[in-house]
Every structure is written in C-alpha cells, then in structure tokens.
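Student: Could you work out the structure for the sequence below:
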Amino acid sequence: MGKYQFIRENEGHFKVVKMCKALEVSRSGFYNWKNRKLSQRKVYNTLLLTEIKRIHIESKERYGSPKIYKELLRKGYLCSKKLVERLMKIGNIRSNIVKKFTVITTNSNHSATISPNLLNRKFTASKPGKVWCSDITYIEIDSRWFYLTIIIDLFNREIVGWDLSESLEPKSLINCFEKAIKLHQPKPGCIFHSDRGIQFASKEFRNKINEYKMKQSMSRKGDCWDNAVAESFFKTLKNELIRYVKFKNLEQAKQSLFEYIEIFYNRKRIHSTLGFTSPLEYRKLYEKRAA
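Tutor: A predicted model of the protein is given here:
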C-alpha cells in the first residue's frame, strides 16, 4: 500500500470515528446502516413516486392526488390514496389548478321565442347522441375578445363540436353545430340544450335544429345551473389552459384549443362521472358492449 493511499484511507476512517463520537453511535452501527439495502417498500414507493411525476407531467401539472391515484390504479399499481398524497407531498407535486372561478352567463335580453326546459338539470344520457348541450364563452387573443362555442354530448362529456370566432353572430354556432352533426350523426329526437342566448334563439339556428329533427331545450332565465355541464367545462378549460397562455394570434389560440380539446380532454383526461375514464374511452367501452 502506498504512503498517500494509506493516508487517504485513514483520513476517512478518522472522519467516521469523529462523526460517530459526535452522534453517540457505534462505528459498527454506522457501517451496518451504510451498507443496508433499501427495503422492498422503499423501492416500491420510489417507483410509485417516479410514476406519479410522469402522470403529473403528462397532464401538464393539471392533475391532483385524486386523479393521479385513479391513474395509478388503472395502470395496475397497488397503493392507497393516502400514500399517493404523502408521496406527492414528499416530491413537492401539486395541481396547478385554482378552484375559485366566477361564471359569466350569456345575455338573454331579446324578444325571440324561448324553448321549454326539456333537460331540467338531468345531465345524463343512456347512449351517445341522445342529449347535447352547448354554450359560448370569451377568450382574449392579442388584446381582443374572441368567442368559443362548444357542444358536449352528455352521455360521455365528449366535446363533439367547437368553433372559435371573432363575432357572436349565429354563424359560429351553426359552424360548430354542423361539424358535430357531420362527425357524430345524432339520431332524430336528440335534445339540444343551451341557455337563452340570442344565437341559440335565432331563426337561422332553429332552422338547423328542425332540419336534423332535434328537440331544442333552454335554461331558465339567468340560471347557470341549468346548463352546469357546459359551464363546468369552461371553468376547467380556463383553469387548465387559458390562464397559463397569452394568445398572440388566432392561429396560436386554435392550435392550443385543438391540443387541449381533441388530444387531451376528449382522449386522455379522466372524469369522475365516467368512472375515471376519458370521454373517448367511455364511448368505446359502450360501443364494445353494444356490438
């Protein structure tokens, strides 16, 4: 053994002796602790934490512990919700969603005919294409207001149609409606529910409803809870996307909305009302059972 190697090894030994003396532990106890292998539980928890981080990143930090817990179960991991919460706390992982949100409803001060409330807050449907609901919200793009129209199938909460426009004219609603009809072809008698906004009460849109033999339904005046599913989607959209992005132009906004609605929300985002499956997965399960 060389002189300098001997000195280096003994320096390490003396440091251990000094540390053990300060901590009032034996040297043998220190070396046992140092050489001890991780328990199976710690190895598994480390694996879980890695998967939690991956799920959290894939959701763009939108998921909190309840959805991450359900995703872990779906992937075959055995764990409790409390364990997931504890590991997320250790890893400093949390949802970036702010729960507080103020709903702004559409102005319904007009003289057009109002349709009856056929839905009456029954936000379920036994099959696809049986009940659709729709609403319009505003989005700021390059310091200007643009308007997003969406149509939701209440069977699986899928966004079956959407359109972004710089105007509140009925044309945007009709474009959105025709996209949804083309892609999903609802049966005659499908209920189309919305608030009392002038776009939904317009003659142009009523003609479209009649053309496809659908039944129109409208909320009570000033009651956002009568269209709660659409309002809830807008709350989610603004919390999970819009408050993080300052859109510079219309194309950027359309691209971001496409990625959120078509790729994430419809295909990946799990919903508690759907048994923690995505809208598309829920519809495919129904189609498989019905085949």
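
Student: okay, the residue nearest to residue 155 when sequence neighbours are not counted: pLDDT?
Tutor: Among residues not flanking residue 155 along the chain, residue 125 sits closest, at 4.1 Å (CB to CB, 6 or more residues apart in numbering). C-beta here means a position set from N, CA and C on the backbone, and glycine is covered the same way. Here, the pLDDT recorded for residue 125 equals 95.

Student: And residue 125, its phi and psi?
Tutor: Residue 125 adopts backbone torsions of phi -150, psi 140, taken as degrees, to the nearest 10.

Student: correct me, but it touches residue 131?
Tutor: Yes - here residue 125 reaches residue 131: they are 4.2 Å apart, a contact under CB atoms under 8 Å.

Student: who touches the nearest residue to residue 242 once chain neighbours are set aside in this structure?
Tutor: Leaving aside its sequence neighbours, residue 242 sits nearest to residue 139 (CB to CB, 6+ apart; 6.2 Å). When contacts are counted by CB atoms under 8 Å, 6 or more residues apart in numbering, residue 139 touches 145, 146, 147, 148, 164, 242, 247, 253.

Student: quick one: which helix or strand includes the third one?
Tutor: This points to residue 147. strand 144-153 (DSSP states H and E).

Student: and that strand, what does it pack onto?
Tutor: strand 131-141, strand 158-165, helix 170-184, helix 228-240, helix 250-258 (3 or more CB pairs under 8 Å, 6 or more residues apart in numbering; DSSP states H and E).

Student: Listing partners with orientation, what would you give for that strand?
Tutor: Its sheet considered, strand 144-153 pairs with strand 131-141 (antiparallel), strand 158-165 (antiparallel) by DSSP bridges.

Student: wait, which of the ones you listed is closest to residue 221?
Tutor: Nearest to residue 221, of all these, is strand 131-141, at 15.2 Å by CB to CB.

Student: And that closest one, what's buried?
Tutor: Buried residues in strand 131-141, counted by 16 or more other CB atoms under 10 Å: 131, 132, 133, 134, 135, 136, 137, 139, 141.

Student: Redo those as TSV? Include pLDDT.
Tutor: Converted to TSV, the buried residues of strand 131-141 look like this (pLDDT from 0 to 100):
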residue	pLDDT
131	97
132	97
133	97
134	96
135	95
136	95
137	94
139	92
141	93
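
Student: a markdown table for the residues you listed, including distance to residue 67?
Tutor: As requested, those are exported to a markdown table (distance: CB to CB, whole Å):
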| residue | distance to residue 67 |
| --- | --- |
| 131 | 25 |
| 132 | 26 |
| 133 | 23 |
| 134 | 26 |
| 135 | 24 |
| 136 | 28 |
| 137 | 23 |
| 139 | 25 |
| 141 | 29 |
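
Student: Quick check: the farthest pair among these?
Tutor: Maximum distance among these (CB to CB): 31.2 Å, for 131 and 141.

Student: wait, residue 186 sits on residue 215?
Tutor: No - in terms of CB under 8 Å, residue 186 does not count as a neighbour of residue 215; the distance is 10.8 Å.

Student: Please identify which of the two sits among more neighbours.
Tutor: residue 186 (20 against 16; other CB atoms under 10 Å).

Student: need the contact list for the more buried one.
Tutor: 128, 129, 130, 132, 212, 214.

Student: run the last query once more with 6 Å
Tutor: Contact analysis of residue 186 by CB atoms under 6 Å, 6 or more residues apart in numbering lists residue 129.

Student: same thing with residue 154?
Tutor: Residues near residue 154 by CB under 6 Å, 6+ apart: 123, 125, 131.

Student: got it, and residue 93?
Tutor: residue 56.

Student: how near is it to residue 53?
Tutor: Between residue 93 and residue 53 the distance is 7 Å, computed by CB to CB, to the nearest Å.

Student: Do I have it right that residue 158 meets residue 265?
Tutor: No - Residue 158 lies out of contact with residue 265 (CB atoms under 6 Å); the separation is 8.6 Å.

Student: Leaving out chain neighbours, which residue sits closest to residue 225?
Tutor: That would be residue 121: by CB to CB, 6+ apart, it lies 6.9 Å from residue 225.
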